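Pasting the sequence and the predicted coordinates here, then a few questions.
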Amino acid sequence: MTPAMTRRGRTRPLSVAPMMDCTDRHYRWLLRQISRHALLYTEMVTMHAVLHGDRDYILGFLRDVEGPVSLQLGGDDPTMLAECARIGADMGYDELNLNVGCPSDRVASGNFGACLMLRPERVAECVAAMRAAVSIPVTVKHRIGVDDQDSYEHMRRFVDVVADAGADRFTVHARKAILGGLSPHQNRTIPPLRYPDVHRLKAELPHLVIEINGGIRSLDEAARQLEHVDAVMIGRAAYDDPYLFAAVDRRFFADPREVPDRFEVALRYGEYAARYLAGNPRAKLSGLARHVLGLFTGQPGAREFRRLLTGPTSESPVAVMARAVAAVQRAQSARAS
């Protein structure tokens, strides 16, 4: 499949969703050992954090290692978002994404996230301001709808208005958001998936780049979705089982290069953790180890791998990882014998 062209740059057929407390620089480093080409995202960063926080800590990343990476922003002020866009572009991000999909109370109270679907003209102003400030793509992630404003027609009007502002891609989480009474986790599972609405959106607006998200847990499912849309975003499945992406480059990007096996990825990550902790003495191994806990999902020895990485230790990250990997190898040898 030839990647669909956005107004700026190209759309990659597979991406990993932005996830709070998940898709930080350490997780992105890990994923890059498995897939060179999938588009990765930051966690959502609010416009106030970008403008007033510790910029290097919040936004710093290893572009040559982690890229391509999209910076996801949360906010509703066009002027402030334009400045955030300039900062993100200057720091080397490949894309900018406006969060119009997060349903948490914390986001709604700040007047950004999914509640902005009720204000498409404001979102359009934000997108236009961001696009005017930078030359890299500006994209939007949103839901099917919000609360009782959840018909296909509501979504279509939102997309029409924001498309006129020049959004380069629409990533649609194929559920509505329920802003009162459901937690963010429940909003990922309780509202029913409505894939046909996203497929219809692409069919009716073939000139727009449409990416689908929500409940997609395998590459076979992703391939089926690509028969209807331009791109697929995978979220929790990619975090729970990072090695799910081992076949992505070959299957979706025509890159035949070998991918390191799980053992090699784990040992590399142990070395990376050691380097990072040596340069950041206030950081803790647990903050890095949590991202790799799912690497052996479904494999013999996975439970022991997780136990060794989460237990108290005075060993170096390299030694801890070597012990955890050895435990998995023993379990797999025992299963094979």
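Received, thanks. This is a predicted model, so every value here is computed, not measured. Numbering: from 1, shown residues only.

which residues are in contact with the biggest helix by length in the chain?
When the chain is parsed with DSSP state H, its longest helix is helix 317-336. Residues from elsewhere that reach helix 317-336 (CB atoms under 8 Å, 6 or more residues apart in numbering): 262-263, 266-267, 269-271, 273-274, 277, 285, 288-289, 296, 299-302, 304-305, 308-309, 313, 315. For every residue, glycine as well, the C-beta is placed using N, CA and C.

Surely Val229 is within a helix?
No. Counting by DSSP: H, G, I helix; E, B strand; the rest coil, Val229 is not part of a helix but coil.

you'd agree it is up against Gly214?
No. Between Val229 and Gly214 there is no contact under CB atoms under 8 Å: 11.9 Å.

can you dump the C-alpha coordinates of the longest helix of the chain into CSV?
What follows is helix 317-336 as a C-alpha-only set of coordinates in CSV (Å, rounded to 0.1, in the frame of the first residue of the first chain):
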residue,chain,number,x,y,z
PRO,A,317,20.4,-2.5,35.5
VAL,A,318,22.6,-4.6,33.2
ALA,A,319,22.9,-7.3,35.9
VAL,A,320,19.2,-7.2,36.8
MET,A,321,18.2,-7.5,33.1
ALA,A,322,20.7,-10.3,32.5
ARG,A,323,19.2,-12.3,35.4
ALA,A,324,15.7,-11.7,34.2
VAL,A,325,16.6,-12.8,30.6
ALA,A,326,18.4,-15.9,31.9
ALA,A,327,15.2,-16.8,33.8
VAL,A,328,13.2,-16.6,30.7
GLN,A,329,15.7,-18.7,28.8
ARG,A,330,15.6,-21.4,31.5
ALA,A,331,11.8,-21.4,31.4
GLN,A,332,11.8,-21.8,27.6
SER,A,333,14.4,-24.5,27.6
ALA,A,334,12.4,-26.4,30.2
ARG,A,335,9.3,-26.1,28.2
ALA,A,336,11.1,-27.3,25.0
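
buried stuff in it?
317, 320-325, 327-328, 331 (16 or more other CB atoms under 10 Å).

tell me which of those is nearest to Ala49?
Taking CB to CB as the measure, Pro317 is the one of those closest to Ala49, at 28.4 Å.

who's in contact with the residue nearest to that closest one when sequence neighbours are not counted?
Nearest in space to Pro317, with sequence neighbours left out and distances taken as CB to CB, 6 or more residues apart in numbering, is Ala273 at 3.9 Å. Counting by CB under 8 Å, 6+ apart, Ala273 makes contact with 26, 285, 288-289, 317, 321.

what is the mean pLDDT for whatever helix or strand Ala273 lives in?
Using DSSP states H and E, Ala273 maps to helix 262-279. For helix 262-279, the mean pLDDT works out to 97.
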